[in-house]
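Chemist: Let me see the structure of the following:
(one chain, ligands or ions: 2)
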Amino acid sequence: MTEANNHVVACRGGDATELEARARPQAGPGELLLKLRVVGFCGTDLFKLDTGAAANGTVLGHELVGEVAQVGDGVTGFDLGDRVAVPHHVPCGTCLMCRRGNETMCETFRENLMAPGGFADWVLIKARATAEAAHRLPDHVSDEAAVFVEPAACVLRGVVRSDITDDGIAVVQGGGSMGLLHLLVLKAARPDVKVLIVDPQADRRDLARSLDAGAVAEPGDAAVDAVRGLSAGAGADAVFDTVGGAGPLRAALALTRQGGTVVLFAHAPADDNGVGQAADFDLNDLFKYEKRVLGTYSGALTEQAEIFRLLQTGAFDPTPLVTHRMPLDDFRQGLDLVRRRAALKVLFTPSRAAQASTESSA
Ligand SMILES: [Zn+2]
Ligand SMILES: [Zn+2]
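Modeler: Ligands and ions are numbered 1, 2, ... in the order given. This is a model prediction of the structure:
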């Protein structure tokens, strides 16, 4: 029972990681034990590694699809073998933040409901996530699609808060996995919206075009011209910045129409003191031209449920964003691909040891 056969990617300080064998967790009352199917590598994981924010022994990873391997006492609605997508954070629903619609600022929301974390062969799902946020996947929703429930819910939160209308003009700065996820979520949630993708990399603009972006452009004057072309000169109703930092914020404001909204969707790079970079932009954009700048952080239950619904209807299909699949053993390789912008979405599958033992027991 205490056999150390749960292979996990353990943080080792700074950006160092190591595959480590630990004891497999056991599902207690109200909990589920999931056997990993796929786990997405997220920009937040990269940020935590790059900034050395993860303590020694931490297991990152939170975009998870697993198969039910053990059902804790009192859990209803799940059977052994069910495929499940589940987020790691769930708000309490009753505190002031939750009641005011800022569920992702809820103190309880911070608790990580996955143990040890998603980059593991076996992941324990704590009771609150099991009861309130776990989705059993129907056969027609693939692992590769469902792994996007959590990140796409974060994106949808920004789309909703931007107040963009169905016939709106949107710009997305950055054509990486998060930028292109914005494109796909926008097209699913607001089908008639026109989306301009801005990225300096030609292959990413080509991919955006193949995913039906209304227009693509390089940053700078080309982007300004393109948004004017789409909006009869007015500018975008909403600009979603997935790049982060003071320069991209100024660029976003320049693309936004009067009365329009900039949504910040990325960590600002740290300054020399380790604090997020300070912004400098013309405050009259806010006063005189009624532009709004807002940020959205993470996603709440309503956005997760809506994304799950859009996945089931087929309106939302993020699978073209998956460029790489590899076992947990090759974590460093996946990390390197994302750093070099040579991959869009990297998914990790169970460790080679876990795959071998599944084959021998099958
Ligand atoms: Zn994520
Ligand atoms: Zn709360």
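
Chemist: Could you give the backbone dihedrals for Gly66?
Modeler: Taking degrees, to the nearest 10, you get phi -140, psi 170 for the backbone angles of Gly66.

Chemist: likewise the one 3 residues further on?
Modeler: According to degrees, to the nearest 10, the main-chain angles of Ala69 amount to phi -110, psi -20.

Chemist: and if you look at Ala53?
Modeler: phi -80, psi -10.

Chemist: Quickly note the distance from the residue nearest to it when sequence neighbours are not counted to Arg190.
Modeler: Distances taken as C-beta to C-beta, 6 or more residues apart in numbering place Phe47 nearest to Ala53, at 7.5 Å, with adjacent residues excluded. Placement of C-beta: from N, CA and C, glycine included. Separation of Phe47 from Arg190 (C-beta to C-beta, to the nearest Å): 28 Å.

Chemist: Looking at these two, which one has more neighbours?
Modeler: Arg190 (20 against 16; other C-beta atoms under 10 Å).

Chemist: Correct me if wrong: the more buried one contacts Ser162.
Modeler: No: if you go by C-beta atoms under 8 Å, Arg190 and Ser162 don't touch, sitting 9.8 Å apart.

Chemist: quick one: contacts for Thr58?
Modeler: Contacts for Thr58 (C-beta atoms under 8 Å, 6 or more residues apart in numbering) come out as 10-11, 117.

Chemist: Quick check: Ala153 is in a helix.
Modeler: Yes: per DSSP: H, G, I helix; E, B strand; the rest coil, Ala153 lies within a helix segment.

Chemist: How about the secondary structure of the residue nearest to Ala53?
Modeler: Applying three-state DSSP: Phe47 is helix.

Chemist: burial count for the residue of the chain found nearest ligand 1?
Modeler: Residue nearest to ligand 1 within the chain: Cys42 (3.0 Å; C-beta to the ion). Counted by other C-beta under 10 Å, the residues lying close to Cys42 total 22.

Chemist: what's the answer for Thr358, then?
Modeler: So Thr358, with other C-beta under 10 Å, has 12 neighbours.

Chemist: Touching, it and Pro350? I think so.
Modeler: Yes: here Thr358 reaches Pro350: they are 7.4 Å apart, a contact under C-beta under 8 Å.

Chemist: and Met326, that one's in a helix?
Modeler: No: the assignment for Met326 is strand, going by three-state DSSP, so no helix is present there.

Chemist: Contact partners for it?
Modeler: Counted by C-beta under 8 Å, 6+ apart, Met326 has contacts 333-334, 346-349.

Chemist: switch to 10 Å and redo it
Modeler: Each residue near Met326 by C-beta atoms under 10 Å, 6 or more residues apart in numbering is listed here: 41, 333-334, 337, 346-349.

Chemist: which pair in the residues you listed spans the largest distance?
Modeler: Leu337 and Thr349 (15.1 Å; C-beta to C-beta).

Chemist: how about Val346, what does it touch?
Modeler: 39-42, 177, 322-326, 330-331, 333-338.

Chemist: Which residues of the stretch 1-150 of the chain lie near ligand 1?
Modeler: Cys42 (C-beta under 5 Å from the ion).

Chemist: now with 6 Å?
Modeler: By C-beta under 6 Å from the ion, the part of the stretch 1-150 of the chain that sits against ligand 1 consists of 42, 44, 62-63, 150.

Chemist: Could you tell me the model confidence score at the residue nearest to the spatial centre of the chain?
Modeler: With distances taken as C-alpha atoms, centre = their mean, the residue of the chain nearest its centroid is Pro151 (2.3 Å). Per-residue pLDDT puts Pro151 at 95.

Chemist: How about the one 5 residues further on?
Modeler: Predicted confidence (pLDDT) for Leu156: 98.
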